[in-house]
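Q: Sequence below, structure please.
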Amino acid sequence: MTQRDIFFVANEVNELGGVGRWQTQLAGLLAARGHRVTVVGITPANHPMDLGETPPFRTVTLYARRPPSRPRARRPLGSLDPAVRRHEAHMRAAASRLTGLFRAAAPGAMIVVPQVWAMEWVALADTAGHHVVGMTHESFDTSRKTSRFARVKRYFADVDRLLALTQEDADRWVGEGLNNMGFMPNPLPIAPGEPSPRTAKVVASVGRLSHEKGVDLLLDAWAQAVAKQPGWTLRIYGKGEAEDALRRQCAELGLEDSVDFAGQSDDVPGALRASSVFVQSSRGEGFPLVLLEAMATGVPCVAFDCAPGVREIVSHEADGLLARPGNTTELARHLVRLMSDERLRDELGEQALRSVRRFDPDTITRRWEELFDFLER
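A: Numbering: from 1, shown residues only. The predicted structure follows:
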């Protein structure tokens, strides 16, 4: 195995969330296999997660505070607008720090860029002698609804490889003219261990309380489900900007006695093992880590089939149940099936525990190393 210099260049080094957790895990896995890993953030994290006292990789942050957004050029000045020129000068200065890091690395280093905003700085740096691997950590359909869609096509068009999270999404990007596509699933973030006994009358939801995560839809579904299966509790783990509105919705639906806003959990596997069903009601997803975690604790999942990554992880009627996106009645019906049928919970939960092992971290890490070897040929 060739030991390499590997750089992750992302928006932040340690932002709390899916990309941050993925980056920290994969950087650690590659470092454990002898690679020299550096994680570079463009800006400090808004909601930092703890990397421990001595993470197995080096960390660098380019800016002391978040840089301002790119100004819109005023007509008729265009690119000669002084505000635009000052912004570009600041970007080039920060990118020169990246150039210094890359030039100090051994030839054939790998530069992994999991977010397109960070790629704007990498595009200004000198990456000569190294390979650049871009990533999009959201589904094609989610990206298409945002300004990131055009930027992915612009900034990742010439990287050595652009990775989606599933083959289905990779094929969609090829249809947009990106012929450097591949795909790479996320690794299982926890080792399968002692499974949940699946006896507590608790349905768990874990995620940021935001519009994208669809907890408002979940509350509508829960009102239908708990009416048919009284005595159960929906335990919502997470914090976010939508919390006040969700608490008001909960009160308006008369659900205060059956919904527990449990806040941010420092022990997600423990929270999942204390539940019997996991539910995800997102409007959009990439390759959700918490679905992997729930399955690794033997908890059957109910989710909106909102992205290829969701149906790549959960097989409907085999190891979980999928509802059409936004269909709260169907989501409620699936919840009731599991809440009312202990045998079905056990069957799907045990199969989930078996099937999730295909995302074993060692397997995914080897796939990354095989990709690096291929790019260097």
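
Q: going forward, measure contacts and count neighbours with C-alpha atoms only.
A: Noted.

Q: So which elements touch the lowest-mean-pLDDT helix or strand in the chain?
A: When the helices and strands of the chain are scored by mean pLDDT, DSSP states H and E, helix 82-103 comes last with a mean of 90. Using 3 or more C-alpha pairs under 8 Å, 6 or more residues apart in numbering; DSSP states H and E as the contact definition, the elements that helix 82-103 packs against are helix 116-122.

Q: Now do the helix it packs on: everything it contacts.
A: 9-11, 41-42, 91-92, 94-95, 98, 113, 134-136, 148, 151-152, 155-156 (C-alpha atoms under 8 Å, 6 or more residues apart in numbering).

Q: What average pLDDT does it get?
A: On average, the pLDDT along helix 116-122 is 97.

Q: After it, which helix or strand is next?
A: Past helix 116-122, further along toward the C-terminus, the next helix or strand under DSSP states H and E is strand 131-135.

Q: Counting neighbours, which bits of the least confident helix or strand of the chain end up buried?
A: Burial within helix 82-103, assessed by neighbour count using 16 or more other C-alpha atoms under 10 Å, is assigned to 84, 88, 91-92, 94-99, 101-103.

Q: do the same with stretch 341-359
A: For stretch 341-359, burial by neighbour count (16+ other C-alpha under 10 Å) applies to 344-353, 355-357, 359.

Q: Chain neighbours aside, what residue packs nearest to Val132?
A: The spatially closest residue to Val132, leaving aside those adjacent along the chain, is Ile111, at 4.7 Å (C-alpha to C-alpha, 6 or more residues apart in numbering).

Q: Going by contacts, tell me the helices and strands next to the helix or strand containing that neighbour.
A: In this assignment (DSSP H and E), Ile111 forms part of strand 110-113. Helices and strands touching strand 110-113, as assessed by 3+ C-alpha pairs under 8 Å, 6+ apart, comprise strand 5-10, strand 131-135.

Q: Show me which of the ones you listed has the highest average neighbour count.
A: Looking across these with neighbours counted as mean count of other C-alpha atoms under 10 Å, the highest average goes to strand 5-10: a mean of 25.

Q: Just the residues contacting whichever helix or strand comes after that one, thanks.
A: In the C-terminal direction, the helix or strand that comes right after strand 5-10 (DSSP H and E) is helix 18-32. Contacts of helix 18-32 with the rest of the structure, by C-alpha under 8 Å, 6+ apart, involve 8, 12-15, 37-39, 51, 55-57, 114, 137, 186-187, 189, 288-289, 361-362, 365.
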